[in-house]
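Colleague: pasting the sequence and the predicted coordinates here, then a few questions.
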Amino acid sequence: MIDLTNKTALVTGATGGLGRATARALAALGARVFVQFDTDVADGHAVASRIRSEGGQATALWGDLGTPEGPRALADEIRKLTGDRLDILVNAADFLREDTFDTATPSDFEAMFAMNVRAPIFLLQCLLPALTTGASVIFVSSLIRRHATGTHVAYAISKGAIETAVHHLAAALGPRDIRVNAVAPGAIETDPRRSSSADGNQSILNLQALQRFAQPEDVADVIAFLSSNDARWISGDVIPVDGGSKL
């Protein structure tokens, strides 16, 4: 069984479906989890409170990662609270706005790259002094990065940038025995990208070997594995967690 006892973890975007499930999964395995939220103050504290009610350790932290100074401010707070000792960083915060190539605007790209690319990369940079030997860093990509739906263009491009970053950051941090990976989820039950029509949802399922939508916990358990010493020889990889998608 995976054991994260005495490990410290930061999960960004912990009020979203995947972030919440990840925070709970890490805490259930023994980690002390810092739950980052931005606008959802009540939800952020509710996630931490639920983890504590389940016997885990959790602290809710506000942080506005969409601003240039946000990652530094959050990193400074984490370093102070952990005594410069962070073992796990999960970058689950992201921003999505549906668009097509002919309707995408510069503001769409700026907003999505600010949250989906700039924030997690510079948060990692600011946390480097606190990351322990053997630390694990996990980004969240998306199946949509390699499946051209015609919509979510800026979002897909931002996730492509993250997958490129994973390879370079894994190489840069490998000499410190810090692992960097990403998961690329497919269709998740709670995901707003799901189709609003039964036919649309069925067309998504027809492209998968496993004929159901994922629960956030299906992906969170893979993140927990990558966070652990059991995944000590995995770095620089993007793990598809998509139910056997044929896309």
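Modeller: In hand now; what should we look at?
Colleague: look up phi and psi at the residue nearest the centre of the chain.
Modeller: Geometric centre of the chain, nearest residue: A92, 2.2 Å, by Cα atoms, centre = their mean. Main-chain dihedrals, A92, degrees, to the nearest 10: phi -100, psi -10.
Colleague: might you list the low-confidence residue ranges for this structure?
Modeller: By pLDDT under 70, the weakly predicted segments of the chain are 147-150, 190-204, 206, 246-247.
Colleague: switch the cut-off to 80
Modeller: Low-confidence segments of the chain (pLDDT under 80): 96-101, 104, 144-152, 187-212, 243-247.
Colleague: tell me what V33 is bridged to.
Modeller: Beta bridges link V33 to A9, A58 when assigned by DSSP bridges.
Colleague: roughly how far does the residue nearest to L89 when sequence neighbours are not counted sit from A209?
Modeller: Once flanking residues are discounted, L89 sits nearest to V137: 4.7 Å by Cβ to Cβ, 6 or more residues apart in numbering. Quick note: C-beta positions are derived from backbone N, CA and C, even for glycine. Distance of V137 to A209, given as Cβ to Cβ, to the nearest Å: 29 Å.
Colleague: show me the longest helix that occurs in this protein.
Modeller: Counting residues, the longest helix found in the chain (DSSP state H) is helix 153-173.
Colleague: contacts for that one, please.
Modeller: Residues from elsewhere that reach helix 153-173, judged by Cβ atoms under 8 Å, 6 or more residues apart in numbering: 94, 96-97, 99-101, 104, 108-109, 112-113, 116-117, 120-121, 124, 131, 137, 139-142, 144-145, 148-149, 179-182, 184, 235-238.
Colleague: correct me, but the residue nearest to the centre of the chain touches T15?
Modeller: No - the criterion here is Cβ atoms under 8 Å, and A92 misses it with T15 at 9.8 Å.
Colleague: measure the residue nearest to the centre of the chain to A135 for me?
Modeller: Distance, A92 to A135, by Cβ to Cβ: 17 Å.
Colleague: quick one, what contacts the residue nearest to the centre of the chain?
Modeller: V11, T12, G13, A14, G16, L18, G19, T22, V140.
Colleague: what is the lengthiest strand in the chain packed up against?
Modeller: In the chain, with assignment by DSSP state E, the single longest strand is strand 131-140. The helices and strands touching strand 131-140, judged by 3 or more Cβ pairs under 8 Å, 6 or more residues apart in numbering; DSSP states H and E, are strand 86-91, helix 153-173, strand 179-185, helix 216-227.
Colleague: same thing but at 7 Å, please
Modeller: strand 86-91, strand 179-185, helix 216-227 (3 or more Cβ pairs under 7 Å, 6 or more residues apart in numbering; DSSP states H and E).
Colleague: list the beta-bridge partners for N181.
Modeller: N181 has the following beta-bridge partners by DSSP bridges: I138.
Colleague: rewinding a little: and the longest strand of the chain, how far from the chain's centre?
Modeller: 12 Å (Cα atoms, centre = their mean, to the nearest Å).
Colleague: just the angle between that strand and helix 153-173, please?
Modeller: 160 degrees (axes from the mean of the first three to the mean of the last three Cα atoms, to 10 degrees).
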